[in-house]
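Asks: coords please:
(one chain, ligands or ions: 1)
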Amino acid sequence: MPMTSPDPVPHQDPITLSGGAVSIGGRPVVRGIDLSVHAGEFLALMGANGSGKSTLVRALTGLHPLTTGALRLFGTPLHDFQDWRRVGYVPQRASAASGVPASVWEVVASGRLTRRPLLRPLSRADRAAVEHALDVVGLADRARDGVSHLSGGQQQRVLIARALAGEPDLFFLDEPTAGVDLANQRALADTLAHLKADGATVVLVAHELGPMAPLVDRAVVMRDGRVVYDGPPLDDHGVPRAGLEPDLGAHAHHPDPAHHDHTPHVGSPLEGGGA
Ligand SMILES: Nc1ncnc2c1ncn2[C@@H]1O[C@H](COP(=O)(O)OP(=O)(O)OP(=O)(O)O)[C@@H](O)[C@H]1O
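Replies: Residues are numbered from 1 along each chain as shown. Next comes the predicted model:
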């Protein structure tokens with residue numbers, strides 16, 4: 001008769017951070033973060049400029065060291081974690097061109113680098129993954145073009161395709177829609193819908209969700225480096241969106257053009273302001 005294992009089942013959440021803090025130049029930028037992100041979750045990380053979203057994402061990807069705290073990726077402590085091919089990251093305001101005369105195909109194929117031995121030619125599986133990624137972002141017909149000939153929104157999609165080509169289970173995108181027109185935002189939402197349907201975990205940093213709103217399962221709002229709300233996605237009035245028609249959230253516009261701070265009013269859901 002099998003005995004009960006003395007060891008607990010390994011904690012396989014893609015992200016588990018406890019007591020996470022980051023100080024930069026002695027100034028606390030992120031603090032007191034306890035965050036578990038579950039497999040298949042689509043999380044929107046929101047908050048005003050400078051609230052610490054990018055720094056938190058950089059810490060979660062191991063790009064910026066935590067000052068204190070314990071981070072596990074897929075159950076493995078960060079310092080032991082090696083399975084980076086499971087993690088995709090599209091940084092904020094990245095330029096795919098950056099002066100390098102690479103073709104769209106080359107940039108996307110570079111996303112397979114972590115999957116194959118150095119200097120080996122692309123395998124058939126590599127090529128299939130690159131073609132699929134280009135297809136998903138709607139750039140299959142631009143594969144041979146130089147990246148620098150594409151618009152900013154298309155370049156952003158090239159970077160997303162590069163991360164997709166690595167077939168990540170955990171995908172970080174830092175403000176992928178900043179400065180991107182609505183057509184490209186919709187194309188990105190379609191892409192992320194595919195990823196979500198495939199069971200990937202997504203952490204999306206965004207000021208406004210736009211067409212991505214219907215995909216979001218959970219919103220985490222930061223203010224001054226801390227998490228001040230963690231729960232169902234909010235609409236423009238700080239009310240949890242659960243139960244609303246997705247399109248209400250997706251296409252709502254703030255009536256006041258002077259309103260630039262899109263931070264949800266995090267107090268109201270906690271005060272029971274929801275309809
Ligand atoms: N490398 C750095 N050196 C100094 N200060 C930094 C650095 N990186 C971030 N900060 C500061 O940390 C704070 C949080 O920045 P962060 O970029 O994480 O915020 P954010 O919420 O992503 O903002 P945004 O929406 O503008 O991207 C800001 O005050 C920022 O000035």
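
Asks: all the strands of the stretch 151-275 of the chain, in order from the start?
Replies: 170-174, 201-205, 218-223, 226-231 (DSSP state E, counting those that start in this stretch).

Asks: I'd like these laid out as TSV, including mean neighbour count.
Replies: For every residue, glycine as well, the C-beta is placed using N, CA and C. Below are the strands of the stretch 151-275 of the chain laid out as TSV (neighbours: other CB atoms under 10 Å):
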stretch	mean neighbour count
strand 170-174	24
strand 201-205	24
strand 218-223	21
strand 226-231	18
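
Asks: ok, residues contacting the lengthiest helix in the chain?
Replies: Assignment by DSSP state H gives helix 182-197 as the longest helix of the chain. Helix 182-197 is touched from outside by 40, 42, 136-138, 151, 153-154, 156-157, 160, 164, 171, 173, 176-177, 180, 202, 204, 210-212, 214-215, with contacts defined as CB atoms under 8 Å, 6 or more residues apart in numbering.

Asks: mean confidence (pLDDT) on it, please.
Replies: Averaged across helix 182-197, pLDDT comes to 85.

Asks: give the buried residues for it.
Replies: For helix 182-197, a neighbour-count test (16 or more other CB atoms under 10 Å) marks 184-189, 191-193, 195-196 as buried.

Asks: same deal with stretch 71-79?
Replies: Buried, per 16+ other CB under 10 Å, within stretch 71-79: 71-74, 76, 78.

Asks: need those residues in JSON lines with secondary structure, can you?
Replies: Shown next, in JSON lines, are the buried residues of stretch 71-79 (DSSP: H, G, I helix; E, B strand; the rest coil):
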{"residue": "Leu71", "secondary structure": "strand"}
{"residue": "Arg72", "secondary structure": "strand"}
{"residue": "Leu73", "secondary structure": "strand"}
{"residue": "Phe74", "secondary structure": "coil"}
{"residue": "Thr76", "secondary structure": "strand"}
{"residue": "Leu78", "secondary structure": "helix"}
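
Asks: no further questions, thank you.
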